[in-house]
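Colleague: what's the 3D shape of this:
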Amino acid sequence: MLGDRDPTLDDVARFAVRYGGLAETLRLYPPAPAFGRRPIADVTLGGYLISAWFERLFKPVRHAAQRALVSPIPMNSGPKRWATAPLKFAYFPFGGGAKMCIGEPFSKLEGVLILATLARRLQLNLIGDAAIGIAPGATMRPDRAIIMRPALRADAQSARPV
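Modeller: Numbers count the residues shown, from 1 in each chain. From the prediction side, this is the model:
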């Protein structure tokens, strides 16, 4: 798509497949797997009373996006699933509502441009065991270092370094 030039902001709209790959990664591995919320009034959800101003820790970010019940998008479609928008709060790796991450638009833009820049020249090959787990913590991260070896793609149109 780019030939021998780097991507620009004008190219981002054409990168639907690359955005799909980024969105799919964030669906499976959101940066923050849980967050807290406090209702401003008593509310009953699913037969359970949630008292006003009592903070609850929600851990649905990863699980909500993986359940077919909350998303009309088939689970086995990978990056192509992002051709249509998911239901509101079926996918929210950056939070939602008043406490949504202010950096979401920039993160998505930056992620797509970085992927487009790297993917047109390089192929990244995992070194070692392919089984990578998730380490417990406030943010989601791999349980070990992920070591990859970059290789120039056979169809790379530019030998210019990344």
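Colleague: which other helices and strands does the lengthiest helix in the chain contact?
Modeller: Counting residues, the longest helix found in the chain (DSSP state H) is helix 104-119. Applying 3 or more Cβ pairs under 8 Å, 6 or more residues apart in numbering; DSSP states H and E, we find helix 104-119 packed against helix 16-28. C-betas here are computed from N, CA, C, even on glycine.
Colleague: Gly96: how many residues sit nearby?
Modeller: Number of residues near Gly96 (other Cβ atoms under 10 Å) recorded here: 16.
Colleague: residue nearest the centroid of the chain?
Modeller: Most central in the chain under Cα atoms, centre = their mean is Leu26, positioned 1.4 Å from the mean C-alpha point.
Colleague: what about the closest residue to it other than its chain neighbours, how many neighbours?
Modeller: Once flanking residues are discounted, Leu26 sits nearest to Pro93: 4.1 Å by Cβ to Cβ, 6 or more residues apart in numbering. Residue neighbour count, defined by other Cβ under 10 Å, stands at 23 for Pro93.
Colleague: same question, Gly128
Modeller: Every residue meeting other Cβ under 10 Å relative to Gly128 is counted, giving 11.
Colleague: kindly report the same for Arg81.
Modeller: Around Arg81 sit 19 other residues, with neighbours defined as other Cβ under 10 Å.
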